[in-house]
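>>> Whatever this is, show me its structure:
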Amino acid sequence: MTSNAIIQVGLFLAIVIALSIPLGRYMAKVFAGEPTFLDPVLAPIERAIYRLSGVNPATEMTWVEYAVSMLLFSLVGMVLLYAIERLQGFLPLNPQGFAGVEPSLAFNTAASFTSNTNWQAYGGESTMSYLTQMAGLAFHNFVSAATGIAVAIAVIRGFVRKSARTLGNFWYDLTRATLWVELPICVVLTLVLVWQGVPQNFSAYTHAKTLEGAEQVIAQGPVASQETIKELGTNGGGFMNANSAHPYENPTPLSDLLETLAIFAIGAGLCHTFGSMAGDKRQGWALFATMSLLFLVGAGCAIAAEQHGNPQFAAMGLKLAPTESQSGGNMEGKEIRYGIVDSAMWATITTDTSCGAVNSMHDSYTPLGGLVPLVNMQIGEIIFGGVGSGLYGMLVMAVLSVFIAGLMVGRTPEYLGKKIEGREMKLAMLFVLIFPAAILIPAGIAVVTKAGLAGITNPGPHGLSQILYAFTEASANNGSAFGGLNANAPFYNWSMGWVMLTGRFLMKVPVLAMAGSLAAKKSVPPSAGTFPTNGVLFVLLLTGVILIVAALTFFPVDSLGPIVEHLELRAGHLY
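Numbers count the residues shown, from 1 in each chain. Predicted structure coming up:
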């Protein structure tokens, strides 16, 4: 890595730390029902929502009731989104006259946005009307992210409550996450993006003549509002097909920085929310430090691989080092205005979380550079992770870590004063095993069937990587893509749609069940044999457990395509 890269990555992480502390403590107040500066504006809206929906926010729910409410809310939202897509040709705010979306693609998209994946097997500006973009997709950007935050808060309550049967109220948490957390940030950031040049209108597309006399169609629309929540909610689905590489979604260096900060903001802040609600801020810092360490390793590897470039170019006598006249390294698939460092760092950030927004094409990365986003997702999207899902995924890993530590000393493991016993470990392992099963089973089917192989654009190791990446991002609810797989076909639309739903909802249920089990337990005071979970030793243990679990689950499958491709590239067999 160059000194420029080190400075940029270090500065980014420093800003994340500075933003996450007040945001995390603010969220702890919001979900505890404590007064905030936004209450005079938002409290009347909240009360009106409860009156209209008939919800009593004071009524608490068991983990089963919480899970059922979350699942039913998501199911209804998914059905409504599917209907909007299919009927958009008859609905208003469709100046381009787009027809209804084909059934398999409509199902895939509805599953994608409901599950916070936002995988797009279509070009947004050439497929979806303004109404579908706003009332369908952007709406789900808000509520799917709020659902993740709500579940994370319920899980935190399970860890910190003592002898309790309930985890809170899903409708209360959902409403507060939307009104008090997402909406205020989105209003401010949307206005900033409009100032930076991101469109926000309902105009028809502009037709212009180029200097060569060809006709160019310039897409526009309500872009800024969707761009903001797509990043803040770690959704990732772009208004434009080129996503955040498009100058109308991400026009300036300032917009690029703000959008990457938005991707990490809530996930990082929830670590401090956890520390505040647990009554020990060092607990939150331990999780934050683990996430930061894994982020730095991934960013360093991706940037270094891309700056090193293609070894075959060096063998041809081409200079890959940066100079005043050229940036050096591997610039294929990257915007010149961002360069290698900002592009590779964005690729790391977006796959550390469940965002999936891109400002460069991952399919064009070097084999080892492309391996980093793949591994980031297969670790479980817990390096800050999706809003909410990253935190509760990390808490599952913390439970596994203290269990392993307890085995080493022959003592019943404890976390936050709660004894970790057989029921919790069974639920934790169910959570861990669902994830690789949702990736490897359909990916295995895809590589041995005609329909699956038909989507590959690069036969060989890279084709395997394309398929593996597609099902990994679907299960991890990430939504990014290598960009080379032709996935808008019935096989991939249906299979990836079900994988997205599995990765989102089947993994929420066991973690809520674990939270319910822990909430019912009494808290035991620490003793001389209690393993501290708020220090450097725990951070190192937790990091090691995360990497070991990922390696045992996926290695060598996750690295097979990229590593073989890298070896062939070094040997010159591809040219």
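
>>> nearest residue to Thr553 other than its sequence neighbours?
Of all residues not flanking Thr553 in the chain, Pro436 sits nearest, at 4.6 Å (Cβ to Cβ, 6 or more residues apart in numbering). Quick note: C-beta positions are derived from backbone N, CA and C, even for glycine.

>>> packing partners for the host helix or strand of that neighbour?
Using DSSP states H and E, Pro436 maps to helix 422-446. Judged by 3 or more Cβ pairs under 8 Å, 6 or more residues apart in numbering; DSSP states H and E, helix 422-446 is in contact with helix 389-409, helix 450-453, helix 461-475, helix 490-501, helix 507-519, helix 536-554.

>>> could I have the last one exported to CSV, CA atoms only?
The one in question is helix 536-554. Provided in CSV are the C-alpha atoms of helix 536-554 (Å, rounded to 0.1, in the frame of the first residue of the first chain):
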residue,chain,number,x,y,z
VAL,A,536,-7.7,-7.0,24.0
LEU,A,537,-7.5,-10.8,24.7
PHE,A,538,-11.2,-11.2,23.9
VAL,A,539,-10.8,-9.1,20.7
LEU,A,540,-8.1,-11.4,19.5
LEU,A,541,-10.0,-14.6,20.4
LEU,A,542,-13.2,-13.3,18.7
THR,A,543,-11.2,-12.4,15.6
GLY,A,544,-9.6,-15.8,15.5
VAL,A,545,-12.9,-17.6,16.0
ILE,A,546,-14.5,-15.6,13.1
LEU,A,547,-11.7,-16.5,10.8
ILE,A,548,-11.6,-20.1,11.8
VAL,A,549,-15.4,-20.6,11.4
ALA,A,550,-15.2,-19.0,7.9
ALA,A,551,-12.2,-21.1,6.9
LEU,A,552,-13.8,-24.4,8.1
THR,A,553,-17.1,-23.5,6.5
PHE,A,554,-15.9,-22.4,3.0
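
>>> That helix to helix 461-475, inter-axis angle?
Inter-element angle recorded for helix 536-554 and helix 461-475: 120 degrees (by axes from the mean of the first three to the mean of the last three Cα atoms, to 10 degrees).

>>> who touches helix 536-554?
286-287, 289-290, 293-294, 375, 378-380, 382, 397-398, 400-401, 404-405, 432, 435-436, 439-440, 531-532, 558 (Cβ atoms under 8 Å, 6 or more residues apart in numbering).

>>> so what's the backbone phi/psi at the residue of the chain positioned farthest from its centre?
Largest separation from the mean C-alpha position in the chain: Gly213, at 42.1 Å (Cα atoms, centre = their mean). Reported as degrees, to the nearest 10, the phi and psi values for Gly213 are phi 90, psi 0.

>>> can you pull the pLDDT of it?
Gly213 carries a pLDDT value of 87.

>>> quick check: longest helix of the protein.
The longest helix of the chain (DSSP state H) is helix 3-32.

>>> Give me the buried entries from the contacts of helix 536-554.
286-287, 289-290, 293-294, 375, 378-380, 382, 397-398, 400-401, 405, 432, 435-436, 439-440, 531, 558 (16 or more other Cβ atoms under 10 Å).

>>> Gln466 contacts Phe482, doesn't it?
Yes. Counting by Cβ atoms under 8 Å, Gln466 touches Phe482, with 4.9 Å between them.

>>> Pull up the overlap in contacts between these two.
Residues within reach of Gln466 and of Phe482 at once, by Cβ under 8 Å, 6+ apart, are Asp363.

>>> Thought Glu414 was touching Lys522, still the case?
No. The pair Lys522 / Glu414 is not scored as a contact, 11.6 Å apart, by Cβ under 8 Å.

>>> Among these two, which residue is more densely surrounded?
Glu414 (21 against 9; other Cβ atoms under 10 Å).

>>> Quick check: beta-bridge partners of that one?
Taking DSSP bridges, one obtains Lys419 as the residues bridged to Glu414.

>>> what's near enough to touch it?
Val402, Gly406, Ile420, Val524, Pro526, Thr530, Phe531.

>>> Quick one: the helices in the stretch 1-150 of the chain, in order.
All helices of the stretch 1-150 of the chain, identified by DSSP state H, counting those that start in this stretch, fall at 3-32, 39-53, 63-87, 103-114, 124-127, 130-131, 139-160.

>>> Next, count neighbours for Thr132.
If we define neighbours as other Cβ under 10 Å, then Thr132 has 25 of them.

>>> What count of nearby residues applies to the closest residue to it other than its chain neighbours?
Excluding the flanking residues, the one nearest Thr132 by Cβ to Cβ, 6+ apart is Gln88, at 4.9 Å. Neighbour count of Gln88, defined by other Cβ under 10 Å: 25.

>>> What of Arg25?
Using other Cβ under 10 Å, Arg25 is surrounded by 17 other residues.

>>> For the residue lying closest to it once chain neighbours are set aside, report the pLDDT, please.
Once flanking residues are discounted, Arg25 sits nearest to Ser276: 5.4 Å by Cβ to Cβ, 6+ apart. At Ser276, the pLDDT value in this model is 96.

>>> Then Pro57?
At Pro57, pLDDT is 94.

>>> go on, Gln307?
If you check Gln307, the pLDDT there is 90.

>>> before we move on, what about the one 10 residues further on?
For Gly317, the model assigns a pLDDT of 75.

>>> Could you report the neighbour count for it?
6.

>>> pretty sure it is in a helix, no?
No. Going by DSSP: H, G, I helix; E, B strand; the rest coil, the assignment for Gly317 is coil, not a helix.

>>> got the contact list for it?
Applying Cβ under 8 Å, 6+ apart, no residues contact Gly317.

>>> Tell me the spacing between the residue lying closest to Asp173 once chain neighbours are set aside and Gly444.
Nearest non-adjacent residue to Asp173, counting by Cβ to Cβ, 6+ apart: Ala150, 3.6 Å away. Ala150 sits 34 Å away from Gly444, going by Cβ to Cβ, to the nearest Å.

>>> who's more crowded, the two?
More neighbours surround Ala150 than the other of Ala150 and Gly444, with 29 against 15 (other Cβ under 10 Å).

>>> pretty sure that one contacts Ser389?
No. At 11.1 Å, Ala150 does not count as touching Ser389 under the criterion of Cβ under 8 Å.

>>> neighbours around the closest residue to Gly233 other than its chain neighbours, how many?
In space, Gly233 comes closest to Ala145 once its chain neighbours are excluded; the distance is 3.0 Å by Cβ to Cβ, 6+ apart. Close neighbours of Ala145, defined as other Cβ under 10 Å, add up to 27.

>>> Next, the contact list for Ala145, please.
Asn116, Ala177, Glu182, Ile229, Leu232, Gly233, Thr234, Asn235, Ile266, Gly386, Val387, Gly388.
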